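Undergrad: have a look; sequence and predicted model below, questions after that.
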Amino acid sequence: MTTDARPALETPMSHLTDRTADRAAQHGRPLVPSSARWRPLGIDDVRLDGGFWGELQERNATAMLDHTERWIERMGWSGNFDAAVAGTLPGARRGREFSDSEVYKLLEAMSWEVGRTGDADLDRRLRALAHRVAAAQEPDGYLSTMFGRPGQGARWSDLEWGHELYCIGHLIQAGVARARTHGDDELVQVAVRAADHVCAEFGPDGRQGVDGHPEIEVALVELYRLTGERRYLDQARLFVERRGHGVLADIELGRSYFQDDEPVREATTLRGHAVRALYLAAGAADLAVEDGDDALLDAVTGQVRSALARRTYLTGGMGAHHEGESFGLDFELPPDRAYAETCAGIGSVMANHRLLLQSGDARHADAVERTLYNVLAASPSAEGTAFFYTNPLQQRVPGEVPDPEVASPRASSSLRAPWFHVSCCPTNVTRTVASLAAYVASADEAGVQLHQYAPGTVTAAVGEDGGDGAGTVRLRVETAYPHEGRVLVHVEEAPAAWTLTLRVPAWAEGATVDAGDGPQPVAPGYAAVDGPAAGGRVVLDLPVTPRFTVADPRVDAVRGQVAVEAGPLVYALESVDLGEDVALARVDVDRAPERAPGGAVTVRARTVPAPEGDWPYGGPAPEPAAAGAARDVPLVAYHAWGNRGPSTMRVWLPRG
């Protein structure tokens, strides 16, 4: 395009305005399945008020979003849309082939944040950025700053690596977020036009390909849920069913990198590029729900549960290989070479939350919790101005403090970097944190389910209209979780009869719940109690005493080592606390980890000097005479490591 005048909208928006009632029901909800065992609640229904997650949302609002917006502008990625309008592409283009998607994820994050807070200045900036994007859209709805102009590759000419559909998927998700927090506007219209173009190009009689990076599938299903237009669901189905039949070119890493080696319905575990695999799982699960396709849903469920059981780090991280940012084989989980990309963690949260709503199986909520606390929360710095892309469980050498004005060319930075040449993770973190409340609770006709524990309020309509249990449940949750295990659920409004269902994590042996009749033991899973009347309360007590954890013996890389957890938090030993390289540490497993006054988690440990020699192999070594005396050493919550300067770090600690 060579003009900044946006073409007239060709696709009528009546399919949005005609669904006023449905849109009202969807308001503030990132995920709106047409059927589910449990109905998800959104950012209007659940409000976080301080605590671990409320504080992270505040950091997102006051630092992370501004930081992300400034860097996207500074890197020239938002300017690419201006260059498209000015006709100066490709010469003026900046960034990788997928940089458009970072602008779209920022727009999605802004949309959820404006919906959450009503921030007028952020809304102004959102509209201005969306207008720059809109001006670059072609008359037929196509939108990319990387392809389609003289001097650039032709449209859809590199489906393996071009990320065109991936980028449009993120644009659609931004449009859905804006529609569900504001209503129809320019960003929504741009997203719908782009989706219509994709359907025209890749429909049954069009191009028979798929994108090398799954993402558009989950976006198209959600756009169908928003608009009721079946062509979006049909197109998502085509993309899911085509994949796995060798429609993409083979590459050195193999077609499994793209999940194009076997059909989704036939795969038994997640493999290949971890983010790609998890986004595909989330999209296929959404498709299965809308189609009523139990076989497809069962296939995705089996893949995710297999990966949780055999290919997931203690932190919830996924992806053992730096090569291909990919899953390893079963139980191949080296701590020091863990890739565990932040985006893969977010993909796991997306997939597991969807499966939770359909199955009611607590293992999916446990996976969401573990990953949120130990992957998502580990990415941003304490100030919200630097991020981890990868999340290893061991750091062998102290990192170098990055220049706060220089973007890192490396994903595996040893300390959080202010930005990356590939910055998919910071934008993914901001959009997820802005919509975090949507993972906390759900509802059904019987009552309300609490999946994640955070101080705040939950409001939900329950029961059938006209029934004895029909009405509104309004709860106020009071807790210092995860540092303390008591969760107080105060009932502020409730119908005559309703049920409160509380998740008891798998690690919470000895948990109790008191619904007015004294503490009663509850097993891991979900505990349902009769909901009190307004003015009543329910008390859940979860044991968050620090504990040792050992790995399945098939995880060869950490055999003979222990990790420390307390509640959902994984802990790590840093050299800034040990005073020496953590490679020298040996932990006394005969004394359980303790929580010291003030809350610090400690272990009894000593240091053993490393022998120096010409060959690192030999017979069993005798106990070194110079081993240090045992002493109490503080650990740091894994999500907080690396905030005190360069250090070595390890989660898995040798016994001795």
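TA: It's in.
Undergrad: surely residue 356 touches residue 368?
TA: Yes - the pair residue 356 and residue 368 qualifies as a contact (Cβ atoms under 8 Å) at a distance of 7.0 Å. From N, CA and C alone the C-beta is placed, and that goes for glycine too.
Undergrad: anything in contact with each of those two?
TA: Here residue 356 and residue 368 share the contacting residues residue 451, scored by Cβ atoms under 8 Å, 6 or more residues apart in numbering.
Undergrad: number of residues surrounding the residue lying closest to residue 67 once chain neighbours are set aside?
TA: For residue 67, ignoring the flanking residues on the chain, the nearest one in space by Cβ to Cβ, 6 or more residues apart in numbering is residue 385 at 5.0 Å. Look at residue 385: counted by other Cβ atoms under 10 Å, it has 20 neighbours.
Undergrad: please apply the same query to residue 120.
TA: Residue 120: 9 neighbours (other Cβ under 10 Å).
Undergrad: my guess is residue 253 meets residue 326, correct?
TA: Yes - the pair residue 253 / residue 326 is scored as a contact, 7.4 Å apart, by Cβ under 8 Å.
Undergrad: what bits of this protein have low per-residue confidence?
TA: Across the chain, the ranges flagged by pLDDT under 70 are 1-21, 464-469, 621-626.
Undergrad: try it again with 90
TA: 1-25, 399-400, 410-414, 463-470, 597-598, 609-613, 616, 618-628, 656 (pLDDT under 90).
Undergrad: show me what contacts the spatially most central residue of it?
TA: Nearest residue to the geometric centre of the chain (Cα atoms, centre = their mean): residue 346, 1.7 Å. Neighbour list for residue 346: 375-376, 428-429, 432 [criterion: Cβ under 8 Å, 6+ apart].
Undergrad: helix or strand for it, which one?
TA: Element membership of residue 346, judged by DSSP states H and E, is helix 342-359.
Undergrad: re the thing from before, hang on, the residue nearest to residue 67 in a strand?
TA: No - Residue 385 is assigned coil when assessed by DSSP: H, G, I helix; E, B strand; the rest coil, not a strand.
Undergrad: measure it to residue 634 for me?
TA: Separation of residue 385 from residue 634 (Cβ to Cβ, to the nearest Å) stands at 26 Å.
Undergrad: coming back round to it: comparing residue 253 and residue 326, which shows the higher neighbour count?
TA: Using other Cβ under 10 Å as the criterion, residue 253 and residue 326 rank with residue 326 on top: 25 against 15.
Undergrad: can you tell me who that one pairs with across the strands?
TA: Counting by DSSP bridges, residue 326 is bridged to residue 273, residue 321.
Undergrad: now do the same contact list for it.
TA: 253, 257, 271-274, 319-320, 339.
Undergrad: for PyMOL, what selects the buried ones among these?
TA: Selection of buried members from those for PyMOL, criterion 16 or more other Cβ atoms under 10 Å:
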select buried, resi 257+271+272+273+274+319+320+339
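Undergrad: distance to residue 204 added to the contacts of residue 326, as JSON lines?
TA: Listed next are those as JSON lines, based on distance: Cβ to Cβ, whole Å:
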{"residue": "253", "distance to residue 204": "30"}
{"residue": "257", "distance to residue 204": "27"}
{"residue": "271", "distance to residue 204": "29"}
{"residue": "272", "distance to residue 204": "27"}
{"residue": "273", "distance to residue 204": "28"}
{"residue": "274", "distance to residue 204": "31"}
{"residue": "319", "distance to residue 204": "35"}
{"residue": "320", "distance to residue 204": "38"}
{"residue": "339", "distance to residue 204": "38"}
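Undergrad: so the residue lying closest to residue 207 once chain neighbours are set aside is in which element?
TA: Once flanking residues are discounted, residue 207 sits nearest to residue 201: 5.7 Å by Cβ to Cβ, 6+ apart. Here residue 201, judged by DSSP H and E, is contained in helix 186-202.
Undergrad: please compute how far the next helix or strand after that helix lies from its chain's middle.
TA: The helix or strand immediately downstream of helix 186-202 is helix 216-227, counting by DSSP H and E. Put simply, helix 216-227 sits 18 Å off its chain's centre (Cα atoms, centre = their mean, to the nearest Å).
Undergrad: remind me what the next helix or strand after helix 216-227 packs against, helices and strands.
TA: With elements assigned by DSSP H and E, the helix or strand that comes after helix 216-227 is helix 230-242. When contacts are defined as 3 or more Cβ pairs under 8 Å, 6 or more residues apart in numbering; DSSP states H and E, helix 230-242 sits against helix 186-202, helix 216-227, helix 274-291.
Undergrad: among those helices, which is nearest residue 645?
TA: Among the helices and strands packed on helix 230-242, the nearest to residue 645 by Cβ to Cβ is helix 274-291 (29.5 Å).
Undergrad: any idea of the angle that closest one forms with helix 216-227?
TA: With axes from the mean of the first three to the mean of the last three Cα atoms, to 10 degrees defining the directions, helix 274-291 sits at 40 degrees from helix 216-227.
Undergrad: flag every buried residue along helix 274-291.
TA: Here helix 274-291 shows 274-291 as buried, counting by 16+ other Cβ under 10 Å.
Undergrad: that one packs against which elements?
TA: Secondary-structure packing of helix 274-291 (3+ Cβ pairs under 8 Å, 6+ apart): helix 216-227, helix 230-242, helix 294-310, helix 342-359.
Undergrad: and it, how far out from the chain's middle?
TA: 14 Å.
Undergrad: same deal with stretch 319-332?
TA: On Cα atoms, centre = their mean, the centre of stretch 319-332 falls 18 Å from the chain's centre.
Undergrad: so residue 147 bridges to which residues?
TA: residue 153.
Undergrad: what about it, neighbour count?
TA: Neighbour count of residue 147, defined by other Cβ under 10 Å: 20.
Undergrad: and it, how far from residue 458?
TA: Residue 147 is 45 Å from residue 458, where distance means Cβ to Cβ.
Undergrad: show me what the one helix or strand residue 369 maps to is packed against.
TA: Under the criterion of DSSP H and E, residue 369 resides in helix 362-371. In terms of contacts (3+ Cβ pairs under 8 Å, 6+ apart), helix 362-371 is packed against helix 294-310, helix 342-359, strand 499-504.
Undergrad: can I get those in JSON lines including distance to residue 261?
TA: Below are the helices and strands packed on helix 362-371 laid out as JSON lines (distance: least, Cβ to Cβ, whole Å):
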{"stretch": "helix 294-310", "distance to residue 261": "13"}
{"stretch": "helix 342-359", "distance to residue 261": "19"}
{"stretch": "strand 499-504", "distance to residue 261": "36"}
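Undergrad: so which of the ones you listed comes closest to residue 81?
TA: When the helices and strands packed on helix 362-371 are compared by Cβ to Cβ, helix 342-359 sits nearest residue 81, at 23.0 Å.
Undergrad: could I have the closest one exported to PDB, CA atoms only?
TA: Taking C-alpha atoms only, helix 342-359 is exported to PDB below (Å, rounded to 0.1, in the frame of the first residue of the first chain):
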ATOM      1  CA  THR A 342       8.600 -19.100  28.800                       C
ATOM      2  CA  CYS A 343       6.200 -19.200  25.800                       C
ATOM      3  CA  ALA A 344       6.100 -23.000  26.100                       C
ATOM      4  CA  GLY A 345       5.000 -22.500  29.700                       C
ATOM      5  CA  ILE A 346       2.300 -20.200  28.600                       C
ATOM      6  CA  GLY A 347       1.200 -22.700  25.900                       C
ATOM      7  CA  SER A 348       1.000 -25.400  28.600                       C
ATOM      8  CA  VAL A 349      -1.200 -23.200  30.700                       C
ATOM      9  CA  MET A 350      -3.500 -22.600  27.700                       C
ATOM     10  CA  ALA A 351      -3.800 -26.300  26.900                       C
ATOM     11  CA  ASN A 352      -4.200 -27.500  30.400                       C
ATOM     12  CA  HIS A 353      -6.800 -24.900  31.300                       C
ATOM     13  CA  ARG A 354      -8.900 -26.000  28.400                       C
ATOM     14  CA  LEU A 355      -8.600 -29.600  29.300                       C
ATOM     15  CA  LEU A 356      -9.500 -28.800  32.900                       C
ATOM     16  CA  LEU A 357     -12.700 -27.100  32.000                       C
ATOM     17  CA  GLN A 358     -13.800 -30.100  29.900                       C
ATOM     18  CA  SER A 359     -12.700 -32.900  32.300                       C
END
